[in-house]
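Undergrad: kindly return the folded structure for what I paste below:
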Amino acid sequence: MVVYRFEDKIPKVGKGTYISQSADIIGDVIVGKQCYIGPGARIRGDYGKIIIGDKTSVEENCVLHARPNEICKVGSMVTVGHGSILHNCTVKDYAIIGMGAIVSDYAVVGVWSVVGEGCVVKNNQVIEDHRVVVGVPAKVVGEVSEEYKRLWIHYKKIYVKLARIYPKELKSVQRAR
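TA: This next block holds a predicted model:
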């Protein structure tokens with residue numbers, strides 16, 4: 001696990017959370033239990049605070065940051081897709097942030113909402129619960145169905161399982177020359 005103290009701020013990481021050796025967790029950060037923090041993720045609580053709930057996956061190359069003395073808050077069972085950026089925003093429980101999406105300052109993504117791949121949720125934009133948004137800027141294109149939720153609960157549980165088995169099963173292998 002790669003966590004860094006910054007000034008007097010020390011990250012707190014919940015039991016059963018996996019943090020890749022190439023991820024950085026810096027300063028005033030709280031990561032819940034059974035989370036998955038993928039390779040290349042950068043979670044910077046240097047002058048703002050980051051709070052991540054339980055069983056959330058922050059996939060490869062994501063960036064989470066907050067403004068000075070403010071908070072970026074990510075709920076429980078959230079999926080933050082590969083290469084996403086969350087800055088000084090609130091993402092509520094069970095939300096899905098698609099690959100390469102950006103959620104900007106003071107934006108709120110509701111419970112079980114889906115931010116499509118490459119989408120930009122702009123400053124102060126509020127995405128209501130159970131909405132699907134796409135585009136730049138984000139526009140509502142639908143609602144999340146019960147079938148979609150069942151499918152995504154399955155995917156979310158895969159990352160909870162990865163958080164449990166990666167520490168035991170992930171092994172460095174030297175290549176033959």
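Undergrad: can we go C-alpha only for contacts and neighbour counts from here?
TA: OK.
Undergrad: just give me the neighbour total for Ser172.
TA: Counted with other CA atoms under 10 Å, the burial measure for Ser172 works out to 6 neighbours.
Undergrad: helix/strand/coil for it?
TA: What DSSP: H, G, I helix; E, B strand; the rest coil gives for Ser172 is coil.
Undergrad: distance of it from Val58?
TA: Relative to Val58, Ser172 is positioned 22 Å away (CA to CA, to the nearest Å).
Undergrad: list the contacts for Val78?
TA: The contact partners of Val78, taken as CA atoms under 8 Å, 6 or more residues apart in numbering, are Lys55, Thr56, Ser57, Val91, Lys92, Asp93, Tyr94, Ala95, Ile96, Ile97, Lys156.
Undergrad: can you give me the helices in the protein?
TA: If DSSP state H is used as the criterion, the helices of the chain fall at 146-169.
Undergrad: where are the low-confidence patches of the chain?
TA: Within the chain, the segments meeting pLDDT under 70 span 1, 176-177.
Undergrad: quick one: residues contacting Val58.
TA: Taking CA under 8 Å, 6+ apart as the contact definition, Val58 lies against Cys35, Tyr36, Ile37, Gly38, Ala41, Thr79, Val80, Gly81, His82.
Undergrad: setting aside sequence neighbours, what's the nearest residue to Glu117?
TA: On the basis of CA to CA, 6 or more residues apart in numbering, the spatially nearest residue to Glu117 that is not a chain neighbour turns out to be Gly98, at 4.2 Å.
Undergrad: what is the burial count for the one you found?
TA: 20.
Undergrad: please name the bridge partners of Val103.
TA: Taking DSSP bridges as the rule, Val103 bridges to Leu86, Val121.
Undergrad: that one against Val80, yeah?
TA: No - using CA atoms under 8 Å, Val103 makes no contact with Val80, being 10.5 Å away.
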